[in-house]
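Asker: Quick check, what structure comes out for this input:
(4 chains)
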Number of protein chains: 2
Amino acid sequence: MPKIVDKPKMRAQILDAAMLCFTQKGYHATKMADVARQAGMAKGTLYLYFTGKDEVILTLIQSYFGQIRAEIESLPAPHSLEDYLSLLRMIVSLEKRKMTALIFEILGPGFTDPRGVQIIGGFFDWLAGHWAQHFADLAASGQIRSDNDPKVLARAVIAMLDGLFLHLTVFSPEEPLAVARREAALTLIASGLKG
Amino acid sequence: MPKIVDKPKMRAQILDAAMLCFTQKGYHATKMADVARQAGMAKGTLYLYFTGKDEVILTLIQSYFGQIRAEIESLPAPHSLEDYLSLLRMIVSLEKRKMTALIFEILGPGFTDPRGVQIIGGFFDWLAGHWAQHFADLAASGQIRSDNDPKVLARAVIAMLDGLFLHLTVFSPEEPLAVARREAALTLIASGLKG
DNA sequence: CACTTAAATGACTTGCCGGTCAGCAAACGG
DNA sequence: CCGTTTGCTGACCGGCAAGTCATTTAAGTG
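Answerer: Residues are numbered from 1 along each chain as shown, chains lettered A, B, ... in the order given. Presented below is the predicted three-dimensional model:
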């Protein structure tokens, strides 16, 4: 009888458009009209698939962190410090910078919805536990220091990596300089882990 | 003849009120009416001392970073790695957390005025140069590794410290846990610097 | 092809907030 | 105590953007 559309596909299309807009201009600066134009539809249509701007961004970060988590989970556990470092290098791939700025906007006080912080905080909690396991294993085989609680150590490394992300993103240095800074930070972390 | 007021004092009063509001609720979420109420005056009065909300926040971060810079500049140059570490510990005093969240809002894409990023970026540039000098001296006396460009090393340490700030601020753990994480990060940095 | 009904549209409504300004208050001098 | 000048006030304005909904479009069906 009537017209029928693929709802999940429409949602995905809208999410893609929103991701593009948000990473380019930020969450607050992006208007729903921008997202609509980018997705090739009218503003009202967005509200047939999402209850509002909130749901769009929350869905986006949920799926983004879900993906990262799945990626990291699928990697084999590192058997040496070198293994772990190359894993880190992969994670700090410079490609992800765009999303990073958006995440800082969401973590900032301007984004009042606590669900955003919860999603991101939950990811970091999980990652800390995941890496703590790695650190415990590496410490047991004498590859890294064992004078620290692995969970606290993991948290420290995560926080430091995040700072690296932030600075690479916000002060966006040219490629060679960015690589040099990233390598310096990773070297520092590696030596730090060895103890 | 006419009424005369102490303009600098009024500006300071407004800045104090604004700082309180911004650090509590963030820049975007703070209305000029909030600042006025906090400062105990009418909204219109604010515009007799500042051209707008922009000037208020820019003045605030300028003076904030100016203060930090003066503080750091006044400290004696560290003569050992331990000296440097206690200096770091002082800087990462947990008191400063409130302002940190605000800074991330300003660095995020939601705050479009480039002057904010410029002020903060300028501060980090200066700090990198300042610490690079320290690192060069410590490397010369064999206290830390000398296989890295001191400036790049300084940048890495700054970025990592910033990440530490971010995580301590946003995910605000309880005091003892926060201290443990801070100490773990500093230990990591110390070992990393030794090489 | 006509008819039904889901889907799409975009002008409109609504609320918000930065910024303004006409009127009022207060301080000082003569 | 009045006149003058500066300072203060808060109701109002204008623009902006999220979200709505009456109307239009178009896909599927007999």
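Asker: Leaving out sequence neighbours, find the closest residue to residue A:36.
Answerer: Excluding its sequence neighbours, the residue lying closest to residue A:36 (C-beta to C-beta, 6 or more residues apart in numbering or on different chains) is residue A:43, at 4.5 Å. Bear in mind the C-beta positions are built from the backbone N, C-alpha and C, glycine included.
Asker: For the one you found, which residues are in contact?
Answerer: A:32, A:33, A:36 (C-beta atoms under 8 Å, 6 or more residues apart in numbering or on different chains).
Asker: Out of these, which are close to DNA strand D?
Answerer: A:32, A:33 (C-beta under 7 Å from any atom of the strand).
Asker: is it true that residue A:32 touches residue A:46?
Answerer: Yes. Under the criterion of C-beta atoms under 8 Å, residue A:32 makes contact with residue A:46 at 6.0 Å.
Asker: can you count the residues close to the residue of chain A found nearest DNA strand C?
Answerer: Nearest residue of chain A to DNA strand C (C-beta to the nearest atom of the strand) works out as residue A:44 at 1.6 Å. The local packing of residue A:44 (other C-beta atoms under 10 Å in any protein chain shown) involves 9 other residues.
Asker: With residue A:111 instead?
Answerer: Summarising burial for residue A:111: neighbours were counted as other C-beta under 10 Å, giving 24.
Asker: Next one: it, what pLDDT does it get?
Answerer: The predicted local confidence for residue A:111 comes out at a pLDDT of 84.
Asker: if I look at it, how far off is residue A:143?
Answerer: As for residue A:111, its distance to residue A:143 is 40 Å (criterion: C-beta to C-beta, to the nearest Å).
Asker: Residue A:45 now?
Answerer: Per C-beta to C-beta, residue A:45 is found 55 Å from residue A:143.
Asker: quick one: the lowest-mean-pLDDT helix or strand in chain A to helix B:97-107, angle?
Answerer: Among the helices and strands of chain A, helix A:97-107 carries the lowest confidence by mean pLDDT, DSSP states H and E, at a mean of 85. In this structure, helix A:97-107 runs at an angle of 130 degrees to helix B:97-107, with axes from the mean of the first three to the mean of the last three C-alpha atoms, to 10 degrees as the basis.
Asker: which helices and strands does helix A:97-107 pack with?
Answerer: With contacts defined as 3 or more C-beta pairs under 8 Å, 6 or more residues apart in numbering or on different chains; DSSP states H and E, helix A:97-107 has these neighbours: helix A:7-25, helix A:53-74, helix A:114-140, helix A:150-170, helix B:97-107.
Asker: Try it again at 10 Å.
Answerer: Under the contact definition 3 or more C-beta pairs under 10 Å, 6 or more residues apart in numbering or on different chains; DSSP states H and E, helix A:97-107 sits against helix A:7-25, helix A:53-74, helix A:114-140, helix A:150-170, helix B:97-107, helix B:150-170.
Asker: What score does the residue of chain A closest to DNA strand C have for pLDDT?
Answerer: According to the prediction, residue A:44 has pLDDT 97.
Asker: wait, doesn't it sit right on residue A:36?
Answerer: Yes. Residue A:44 lies in contact with residue A:36 (C-beta atoms under 10 Å); the separation is 8.3 Å.
Asker: so what sits against both of residue A:32 and residue A:46?
Answerer: Here residue A:32 and residue A:46 have A:18, A:52, A:53, A:56 as joint contacts, going by C-beta atoms under 10 Å, 6 or more residues apart in numbering or on different chains.
Asker: Pretty sure the third one sits against residue A:31.
Answerer: Yes. If you go by C-beta under 10 Å, residue A:53 and residue A:31 touch, sitting 9.1 Å apart.
Asker: who's more crowded, these two?
Answerer: residue A:53 (18 against 13).
Asker: What does the pLDDT read for the more buried one?
Answerer: In this prediction, residue A:53 carries a pLDDT score of 97.
Asker: same question, residue A:91
Answerer: At residue A:91, the predicted lDDT confidence score is 85.
Asker: could you check the distance from it over to residue B:85?
Answerer: Between residue A:91 and residue B:85 the distance, using C-beta to C-beta, works out to 28 Å.
Asker: can you list the residues of chain A near DNA strand C?
Answerer: By C-beta under 7 Å from any atom of the strand, the part of chain A that sits against DNA strand C consists of A:1-5, A:7, A:10, A:41-45, A:47-48.
Asker: can you pull the pLDDT of the most centrally placed residue in chain A?
Answerer: The centroid of chain A falls nearest to residue A:65 when counting by C-alpha atoms, centre = their mean (5.7 Å). Confidence per residue is given as pLDDT, and for residue A:65 that number is 95.
Asker: contacting residues for the residue in chain A positioned nearest to chain B?
Answerer: Closest contact between chain A and chain B, by C-beta to the nearest C-beta, is at residue A:163 (2.2 Å). Shown here is residue A:163, whose contacts under the criterion C-beta under 10 Å, 6+ apart are A:185, B:156-167, B:185.
Asker: export these to TSV and tack on pLDDT?
Answerer: What follows is these, written out as TSV (pLDDT from 0 to 100):
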residue	pLDDT
A:185	95
B:156	96
B:157	96
B:158	96
B:159	96
B:160	95
B:161	94
B:162	92
B:163	93
B:164	93
B:165	89
B:166	89
B:167	92
B:185	95
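Asker: top of these by neighbour count?
Answerer: Within these, neighbour counts (other C-beta under 10 Å) peak at residue B:156, which reaches 29 neighbours.
Asker: Is there a neighbour count for residue A:56? I'd like the number.
Answerer: The burial metric for residue A:56, expressed as a neighbour count using other C-beta under 10 Å, is 24.
Asker: same question but for residue A:93, I mixed them up
Answerer: By other C-beta under 10 Å, 9 other residues sit near residue A:93.
Asker: OK, contacts around it?
Answerer: Applying C-beta under 10 Å, 6+ apart to residue A:93 gives the contacts residue A:182.
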